[in-house]
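Participant: Model the following, please.
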Amino acid sequence: MHIGLITTEYPISGTGAYGGIGTSMKNMALGLVSQNVKVSVFLISQKLGKVIEEDGVTVYFIEQLKYPVLSWFFYKKHVQHYINKIIQSERIDAIEAPDWSGITAFMSFKCPLVLRFHGTDAYFCELEGRKQKFKNYWLEKFALNGADHFVSVSEFTAVRTRQLFKLQSKITIIPNAVNLDYFVPEKEEEEPLQILYFGTLIRKKGVLDLIEIFNQVVEKLPEIKLYLAGVDTRDIKTARSTKELMMERLSLKAKKQTIFLGKLEYALMRSEIAKATVIALPSYAEALPMTWIEAMAMEKALVTSDIGWANEVMVEGETGFTVSPDNHNFYAQRLVEFLISPELRREMGLKARSRVKAKFSQEVIAQLNLNFYQGIID
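Facilitator: The predicted model follows:
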């Protein structure tokens, strides 16, 4: 069996920034390779075209080209032509792409096309209460209409996407996977108490709420520190730096205890997770967040949001706490409960990793992906 994956981001040397989709794509690719499946990744919109092999995966860098008119359309046709040649020469059985931004709109492939729901722009706009640009909806609708099969990383995302685009076809649920050999628990050192947020500094991730929450925590535990790891973004409502908005909301006490780490490399990020006493991830908009699963895999005490997808990942009061991000008092209370109790952190951390082993390990998810692809190819 030979599967192709189309993406704009993939964690590999020579590429730019990547997020949760890139990480989940790589975990999926490596999981399939472990099942003796051949995998090719088509990395589009790259500065230079080249082909490399890494970890048993063939990665095709497809150079971004510009055209005098309708450049976005003609580049899509170029990508289609490029991939179809590889489909035929390398005998690819099926090809997959994420749903976001309508990446495969106006493309037609010489094998079945699978779209995996990591969350369309329409999906995130609906969750955030934002108006979507018509062009974005139109492209995503065209891409969905051109797909042969659908997979979603969560039931919540599947239901919302079906409603938004009036889909009739079956949607198979296969969660994201995490590499449990990489995200391993480390012995808690005698570090000062610290809360860690990791992810993009953006309103939809609840970071402005987290500042208000931390203002309350620092009143109860004056020595506590908040570390924030992630790239800054321009705020969707104010067009200002999200980091600046966060700084303005910090109390004088909290400001002295807050450290912005910026964007970290993968290995450094894992190190920060290991050092954290508690992880706080109060997001308003996700499909199935890799950050949550990675923290759980490392047996960390975790307080997340309680929205939609949350109960597909967390078990409230067992693998951590789930709280509405806008309930600042209760969220702060849950953080303090963890911070003052090493026993509670240890107990829930163990249960969190156990849940990840059962539901989100590369081995478990690789088998689900293999079963799915065997079903659509046979």
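Participant: Please report the distance of residue 347 from residue 307.
Facilitator: 25 Å (C-beta to C-beta, to the nearest Å). All C-beta atoms are positioned from the backbone trio N, CA, C, and that covers glycine.
Participant: More neighbours: these two, which one.
Facilitator: For residue 347 versus residue 307, the count of surrounding residues by other C-beta atoms under 10 Å is larger for residue 307: 18 against 13.
Participant: Let me know the secondary structure of the more buried one.
Facilitator: Secondary structure, DSSP: H, G, I helix; E, B strand; the rest coil: residue 307 is coil.
Participant: contacting residues around it?
Facilitator: The neighbours of residue 307, taking C-beta atoms under 8 Å, 6 or more residues apart in numbering as the test, are 127, 283-284, 286, 324-325.
Participant: Among those, which ones are in helices?
Facilitator: Among these, DSSP state H puts residue 127 in helices.
Participant: pLDDT added to the contacts of residue 307, as TSV?
Facilitator: Compiled in TSV, the contacts of residue 307 are given as follows (pLDDT from 0 to 100):
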residue	pLDDT
127	94
283	97
284	96
286	94
324	98
325	98
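Participant: filter the contacts of residue 307 to the buried ones?
Facilitator: For the contacts of residue 307, a neighbour count by 16 or more other C-beta atoms under 10 Å gives the buried set as 127, 283-284, 286, 324-325.
Participant: would you turn these into JSON lines with distance to residue 165?
Facilitator: Shown next, in JSON lines, are the buried ones among the contacts of residue 307 (distance: C-beta to C-beta, whole Å):
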{"residue": "127", "distance to residue 165": "15"}
{"residue": "283", "distance to residue 165": "23"}
{"residue": "284", "distance to residue 165": "21"}
{"residue": "286", "distance to residue 165": "19"}
{"residue": "324", "distance to residue 165": "28"}
{"residue": "325", "distance to residue 165": "27"}
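Participant: Return the closest of these with respect to residue 49.
Facilitator: residue 286 (33.2 Å; C-beta to C-beta).
Participant: Skipping adjacent residues, who's closest to that closest one in space?
Facilitator: Of all residues not flanking residue 286 in the chain, residue 309 sits nearest, at 5.7 Å (C-beta to C-beta, 6 or more residues apart in numbering).
Participant: so the one you found makes contact with residue 288?
Facilitator: Yes - between residue 309 and residue 288 a contact is recorded at 5.8 Å, counting by C-beta atoms under 8 Å.
Participant: hey, what's in contact with both of these two?
Facilitator: By C-beta under 8 Å, 6+ apart, residue 309 and residue 288 have these common neighbours: 154, 157.
Participant: tell me the contacts of residue 310?
Facilitator: Applying C-beta under 8 Å, 6+ apart to residue 310 gives the contacts 304, 322.
Participant: Give me the pLDDT for it.
Facilitator: Model confidence at residue 310, given as pLDDT, is 97.
Participant: Next, find the distance separating it from residue 49.
Facilitator: Taking C-beta to C-beta, one finds residue 310 at 41 Å from residue 49.
Participant: for the nearest residue to residue 4 once chain neighbours are set aside, what are its contacts?
Facilitator: Of all residues not flanking residue 4 in the chain, residue 95 sits nearest, at 4.0 Å (C-beta to C-beta, 6+ apart). With contact taken as C-beta under 8 Å, 6+ apart, residue 95 is in contact with 3-6, 83, 87, 109, 111-114.
Participant: Can you list phi and psi of residue 95 for me?
Facilitator: phi -130, psi 150 (degrees, to the nearest 10).
Participant: try the one 5 residues further on
Facilitator: Note on residue 100: backbone dihedrals following degrees, to the nearest 10 are phi -60, psi 130.
Participant: ok, it - contacts?
Facilitator: Neighbouring residues of residue 100 by C-beta under 8 Å, 6+ apart: 21, 118-121, 140.
Participant: which one of those residues has the most neighbours?
Facilitator: That'd be residue 120 among the contacts of residue 100, by other C-beta under 10 Å, with 29 neighbours.
Participant: Tell me which stretches of the stretch 251-378 of the chain form helices.
Facilitator: Under the criterion DSSP state H, counting those that start in this stretch, helices of the stretch 251-378 of the chain are mapped to 252-256, 266-275, 290-297, 310-313, 328-339, 342-359, 362-377.
Participant: Can you report phi and psi for residue 232?
Facilitator: Main-chain dihedrals, residue 232, degrees, to the nearest 10: phi -80, psi 150.
Participant: now swap in residue 172 and tell me
Facilitator: Dihedral angles for residue 172 - degrees, to the nearest 10 - are phi -90, psi 130.
Participant: now swap in residue 197 and tell me
Facilitator: phi -110, psi 130.
Participant: same check, this time on residue 87
Facilitator: Backbone torsions of residue 87, given as degrees, to the nearest 10, read phi -60, psi -40.
Participant: that older thread, now intersect the contacts of residue 95 with the helices, please.
Facilitator: Per DSSP H, the contacts of residue 95 map to helices at 83, 87.
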